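J.: Sequence and predicted model, in that order:
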Amino acid sequence: MKKILLAALCVLGVQVAKAQNNDRVITTGVPFLLIAADARAAGMADQGVATSSDAYSQQWNPAKYAFALKEQGVSFSYTPYLTSIANDISLGQVTYYNKINEQSAFGASLRYFGLGDIELRQTPDPDEPVVTRSPNELAVDLSYSLKLSEHFSMAVAGRFINSNLRIPEAVGGSSDASAARTYAFDVAGFYQSEETAYTDFDGRWRAGFNFQNLGPKISYDGNDIDDNFIPANLRLGGGFDFIFDEYNTVGVSVEFAKLLVPTPPATVAPIDADGDGEISGAEQEVANQAYDDKLSSYNRTNWVSGALKSFGDAPGGFGEELKEITYSVGAEYTYNQAFNLRMGYFNENQQKGARKFFSLGAGFKYTTLKIDLSYLFSASTVRNPLENTLRFSLTFNFGDDYDEY
């Protein structure tokens, strides 16, 4: 039976693009968790683990909430997705935080990834009844952050994940059309120094880390062998604020990220065992079976073992492990705490997805309201699903003011 548009559904659900002719790009289930949902982070090339605290910290580093300067904040973000081929695919996010006191805060967020309406049918017959589906994925987060000293905080976050991508039985899918579900947690830390006087300017150091999306694999059909890893991820970053005067500040930051997911096994090359200079069908079958055994072992790896193995399991050795690390650099100019200009560059190795892009962004603040915008320019031969896309975020901050220290 043919499932019309099923292939398109699979493509739309994957955020990490595969490089051509490469079978070791790491792919996961629910990849929407890695999409930058807010325009501020997107304007600095998808980084936020070590930038200053804001309402969007829930996705990047919830430990930053302990350093928030306003008592409460709520934000709304909208990101169109794959706009070159569809107009009804998007990621939306709502976040809220509340600073309980000088030392602690909690946050919550809802991320919703809608893939639009997709028509499905069993045969190409135009008279065949059409089943319309609206596949979607969502994540609900809660976090708590606490200052362990004047300059360092840590946070934990819990996450419920729901992925509703199944094909109904009416078009050849599963009789169990319920959504796939799992959960995950984050462990994060954030450091921010006091403002220090230098020769021509004042400055402030920042650093952060976040172990994201640690949790069980997600299953779409109840078969343990076919379970998908979720995008467990390690983010590390640092930054420095150049404070020239009370009106002008330039923050620069760099961030590294690595999926805590094992690398898929490499294909096994057949061996000319009889030395006749040709690969026979039997010799090819031996190689195919060896690869199938490796793939079966990979699929049976649980998420804890997978995260530990991810630091040293690449078939190409340490050199390939380094290729699995992405990096981004970003800068943000702030004038009078009311206007921002941002830019950034993101790089992923050619053999591990090949995403490379530049980004620009801006922010405008009026009393308690702030609007952020960002735009992405692809610098890769691999099409980026977010290129030429304008993203929007809206933030309201209210309540009492807090001092930094």
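T.: Thanks, I have it.
J.: got the CA coordinates for stretch 52-60 in CSV?
T.: C-alpha atoms of stretch 52-60 as CSV (Å, rounded to 0.1, in the frame of the first residue of the first chain):
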residue,chain,number,x,y,z
SER,A,52,22.6,37.2,29.8
SER,A,53,19.4,36.1,31.5
ASP,A,54,16.1,36.6,29.7
ALA,A,55,12.6,35.1,29.6
TYR,A,56,13.8,32.5,27.0
SER,A,57,16.4,30.9,29.3
GLN,A,58,14.2,27.9,29.7
GLN,A,59,15.3,26.3,26.5
TRP,A,60,19.0,27.2,26.7
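J.: How far does it sit from its chain's centre?
T.: 14 Å (C-alpha atoms, centre = their mean, to the nearest Å).
J.: How is the protein divided into domains?
T.: According to automatic domain parsing, the chain comprises the domains 6-262+301-399, 268-296.
J.: for the ones you listed, which one ends up most surrounded?
T.: domain 6-262+301-399 (a mean of 19; mean count of other C-beta atoms under 10 Å). All C-beta spots, glycine's among them, are computed from the backbone N, C-alpha and C.
J.: Point me to the helix or strand that includes G208.
T.: Element membership of G208 [criterion: DSSP states H and E] is strand 202-214.
J.: Pairing partners for that strand, with directions?
T.: Next to strand 202-214 in the sheet, as set by DSSP bridges, lie strand 180-192 (antiparallel), strand 196-197 (antiparallel), strand 233-243 (antiparallel).
J.: Would you reformat these as JSON lines and include mean pLDDT and distance to F339?
T.: Formatted as JSON lines, the strands paired with strand 202-214 follow (pLDDT from 0 to 100; distance: least, C-beta to C-beta, whole Å):
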{"stretch": "strand 180-192", "mean pLDDT": "95", "distance to F339": "22"}
{"stretch": "strand 196-197", "mean pLDDT": "92", "distance to F339": "25"}
{"stretch": "strand 233-243", "mean pLDDT": "96", "distance to F339": "16"}
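J.: how about these in TSV, adding distance to G353?
T.: Putting the strands paired with strand 202-214 into TSV (distance: least, C-beta to C-beta, whole Å) gives the following:
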stretch	distance to G353
strand 180-192	21
strand 196-197	39
strand 233-243	13
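J.: need the contact list for the nearest residue to G399 once chain neighbours are set aside.
T.: Nearest residue to G399, sequence neighbours excluded (C-beta to C-beta, 6 or more residues apart in numbering): E71, at 2.7 Å. Each residue near E71 by C-beta atoms under 8 Å, 6 or more residues apart in numbering is listed here: N98, K99, F398, G399, D400, D401, Y402.
J.: Need the mean per-residue confidence for the strand holding G208.
T.: Average pLDDT, strand 202-214: 96.
J.: Now do that strand: distance to the chain's middle.
T.: Its chain's C-alpha centre and that of strand 202-214 lie 16 Å apart, by C-alpha atoms, centre = their mean.
J.: hey, which helix is longest across this protein?
T.: If you go by DSSP state H, the chain has its longest helix at helix 281-299.
J.: quick revisit: for the residue nearest to G399, pull up the helix or strand it's in.
T.: Taking DSSP H and E as the definition, E71 sits inside strand 70-80.
J.: If you count contacts, what does the helix or strand just after that strand end up packed against?
T.: Going down the chain from strand 70-80, the next helix or strand is strand 90-99, by DSSP H and E. Secondary-structure packing of strand 90-99 (3 or more C-beta pairs under 8 Å, 6 or more residues apart in numbering; DSSP states H and E): helix 57-60, strand 70-80, strand 104-114.
J.: Tell me how far T196 lies from V74.
T.: T196 sits 33 Å away from V74, going by C-beta to C-beta, to the nearest Å.
J.: ok, back up a step: weakest of the domains of the chain by average pLDDT?
T.: For the domains of the chain, mean pLDDT drops lowest on domain 268-296, to a mean of 79.
J.: what about it, how long is it end to end?
T.: End-to-end span of domain 268-296 (C-alpha to C-alpha, to the nearest Å): 14 Å.
J.: now do stretch 24-43
T.: Note: stretch 24-43 ends 29 Å apart using C-alpha to C-alpha.
J.: and if you look at stretch 335-344?
T.: Its first and final residues considered, stretch 335-344 spans 18 Å by C-alpha to C-alpha.
J.: can you check stretch 63-71 too?
T.: Start-to-end span of stretch 63-71 (C-alpha to C-alpha) is 15 Å.
J.: repeat for stretch 289-307
T.: So stretch 289-307: terminal residues 26 Å apart, C-alpha to C-alpha.
J.: which other residues reach that stretch?
T.: By C-beta under 8 Å, 6+ apart, the list of residues contacting stretch 289-307 reads 214-217, 224-227, 229-230, 232, 260-262, 264-265, 267-268, 309.
J.: the helices in this protein, which residues?
T.: Under DSSP H, the chain gives helices at 6-12, 39-43, 57-60, 281-299, 303-309, 318-323.
J.: and the second one, what other elements does it pack with?
T.: Packed against helix 39-43 by the contact rule (3+ C-beta pairs under 8 Å, 6+ apart) you find strand 339-347, strand 356-366, strand 369-378, strand 390-401.
J.: rerun that using 6 Å as the cut-off
T.: Helices and strands touching helix 39-43, by 3 or more C-beta pairs under 6 Å, 6 or more residues apart in numbering; DSSP states H and E, are strand 369-378, strand 390-401.
J.: next one: it to chain centre, how far?
T.: The answer for helix 39-43 is 13 Å, by C-alpha atoms, centre = their mean.
J.: Could you do the longest one as well?
T.: Going by C-alpha atoms, centre = their mean, the spacing between the C-alpha centre of helix 281-299 and its chain's C-alpha centre is 32 Å.
J.: any idea how far E283 is from the residue of the chain positioned farthest from its centre?
T.: Distance from the centre of the chain peaks at D276, with 50.0 Å (C-alpha atoms, centre = their mean). Per C-beta to C-beta, D276 is found 10 Å from E283.
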